[in-house]
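>>> compute the structure for the input listed below.
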Amino acid sequence: MKKEKLTCEEARKIDIINYLSENSILPIRENNNSAFFLSIFRQETKASLKVDKRLNLWFDFGEGQGGNIIDLVIKFKGVNVSEALNILSNNSTPFFFHQQPIHLEISQTKIVVKAVKPIQHLGLINYLETRGISISTARSICKEVHFILNEKKYFSIGLKNLSKGWELRNKYFKSGSSPKDISLIKNSSTTLMVTEGMFDMLSLLEMDNSLIKKADLLILNSCSFHEKLMNYKNDYDEIDLYLDHDETGRKITDKFVNEQMNFQDCSKLYLGYNDVNDWWINKNEI
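Just a heads-up that it's a prediction; the model follows:
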């Protein structure tokens with residue numbers, strides 16, 4: 001079935017870096033604001049094609065030309081505007097560009113999950129790398145989830161919860177599909193490891209990939225679910241808490257450690273950082 005053709009306004013929202021990765025074109029180097037590529041318009045050994053991450057615009061220093069993604073496709077493919085829009089419309093699920101990350105509450109979203117598969121998209125793999133997570137570690141507990149939000153298609157790293165909803169994360173998107181719940185991965189262990197978010201747990205698994213065989217894993221997905229930990233207090237000899245170093249995380253940790261003998265505060269591992277992933281990224285200078 002042929003996809004509906006994008007308008008110019010819609011096409012300009014497609015992330016240029018992701019479009020290039022869809023075409024197996026990866027940056028030579030990048031920083032928080034820019035990514036630099038070998039020119040796609042000619043042979044060269046020094047990267048002269050710059051993409052501004054904040055503005056979602058490109059500029060080729062070798063030719064003194066630049067513009068938005070439509071301009072890029074026109075020059076790259078040798079087509080006109082209408083043909084460029086057809087190409088972008090029929091490209092793989094686009095990673096839409098947003099100048100600021102989206103943070104949506106579940107009550108505001110109508111997310112419809114359309115497909116779930118092993119993580120394979122280069123855009124998501126690149127995103128995982130910025131968080132210090134390898135594809136093998138991510139695949140151990142997460143999936144690539146394609147979904148529709150407000151009639152637009154997106155895809156994200158997804159972690160399934162016990163109520164069959166999904167926590168969804170990509171470079172520009174942080175939300176989830178209903179219903180919300182904790183996530184629990186059982187490995188027949190007498191030890192339970194607890195984190196607030198999926199990237200905290202992935203960081204622990206990246207640090208020691210044997211943990212997934214040594215412990216059961218519980219991701220709260222929201223601190224509002226912390227009381228559910230009481231449901232597991234009699235199932236484990238030890239429950240290790242790796243919660244955030246903010247006021248909420250400290251209160252929850254202190255509550256369980258002071259009231260329950262088998263709860264352990266493991267937050268000293270990332271002392272000086274807000275959470276496990278923040279510590280892991282800085283430890284490895286991602």
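
>>> next, residue 220: phi, psi?
phi -70, psi -30 (degrees, to the nearest 10).

>>> quick check: closest non-adjacent residue to it.
residue 196 (5.2 Å; CB to CB, 6 or more residues apart in numbering). Backbone N, C-alpha and C define where each C-beta goes, glycine included.

>>> surely residue 22 touches residue 122?
Yes. Residue 22 is within contact range of residue 122, at 7.0 Å (criterion: CB atoms under 8 Å).

>>> report how many residues lie close to the residue nearest to residue 171 when sequence neighbours are not counted.
Excluding the flanking residues, the one nearest residue 171 by CB to CB, 6+ apart is residue 127, at 4.7 Å. By other CB atoms under 10 Å, 20 other residues sit near residue 127.

>>> report the buried residues of the one helix or strand residue 127 maps to.
Remark: residue 127 resides in helix 122-130, with elements defined by DSSP states H and E. Buried positions in helix 122-130, judged by neighbour count with 16 or more other CB atoms under 10 Å: 122, 123, 124, 125, 126, 127, 128.

>>> quick one, what contacts the residue nearest to residue 220?
219, 220, 221, 222, 223, 243, 244, 249, 275 (CB atoms under 8 Å, 6 or more residues apart in numbering).

>>> and with 7 Å instead?
Residue 196 makes contact with 220, 223, 243, 244, 249, 275 under the criterion CB atoms under 7 Å, 6 or more residues apart in numbering.

>>> cool, residue 61 as well?
Residue 61 neighbours (CB under 7 Å, 6+ apart): 48, 50.

>>> please tell me how far it sits from residue 36.
Separation of residue 61 from residue 36 (CB to CB, to the nearest Å): 10 Å.

>>> what is in contact with these two at once?
Counting by CB under 7 Å, 6+ apart, the residues touching both residue 61 and residue 36 are residue 50.

>>> before we move on, back to that, filter the contacts of residue 196 to the buried ones?
For the contacts of residue 196, buried by 16+ other CB under 10 Å: 220, 243, 244, 249, 275.

>>> the last one contacts residue 198, correct?
To tie it back to what came earlier, the one meant is residue 275. No. Contact criterion CB atoms under 7 Å: residue 275 and residue 198 do not qualify, at 11.5 Å.

>>> which one of the contacts of residue 196 is nearest to residue 13?
residue 275 (30.5 Å; CB to CB).

>>> excluding chain neighbours, what is closest to the closest one?
Residue 275 sits nearest to residue 244 (CB to CB, 6+ apart), 4.6 Å away.

>>> which residues touch the one you found?
Here residue 244 is in contact with 196, 274, 275 (CB under 7 Å, 6+ apart).

>>> the helices in the stretch 1-150 of the chain, which residues?
Assigned helices in the stretch 1-150 of the chain, in chain order: 8-11, 16-22, 69-77, 81-89, 122-130, 135-141 (criterion: DSSP state H, counting those that start in this stretch).

>>> looking at those, which is buried most?
With neighbours defined as mean count of other CB atoms under 10 Å, the helices of the stretch 1-150 of the chain peak in mean count at helix 16-22, which reaches a mean of 23.

>>> on that earlier part again, residue 83 versus the residue nearest to residue 220, what's the distance?
Counting by CB to CB, the gap from residue 196 to residue 83 is 47 Å.

>>> with residue 193 instead?
Where residue 83 is concerned, residue 193 sits at a distance of 52 Å (CB to CB).

>>> now residue 194
53 Å.

>>> tell me the buried residues in stretch 51-67?
51, 53, 56, 57, 58, 60, 66.

>>> which of those sits closest to residue 186?
residue 53 (39.4 Å).

>>> and the closest one, what pLDDT?
What the model reports as pLDDT for residue 53 is 88.

>>> list the contacts of it.
Taking CB under 7 Å, 6+ apart as the test, what residue 53 contacts is 33, 34, 35.
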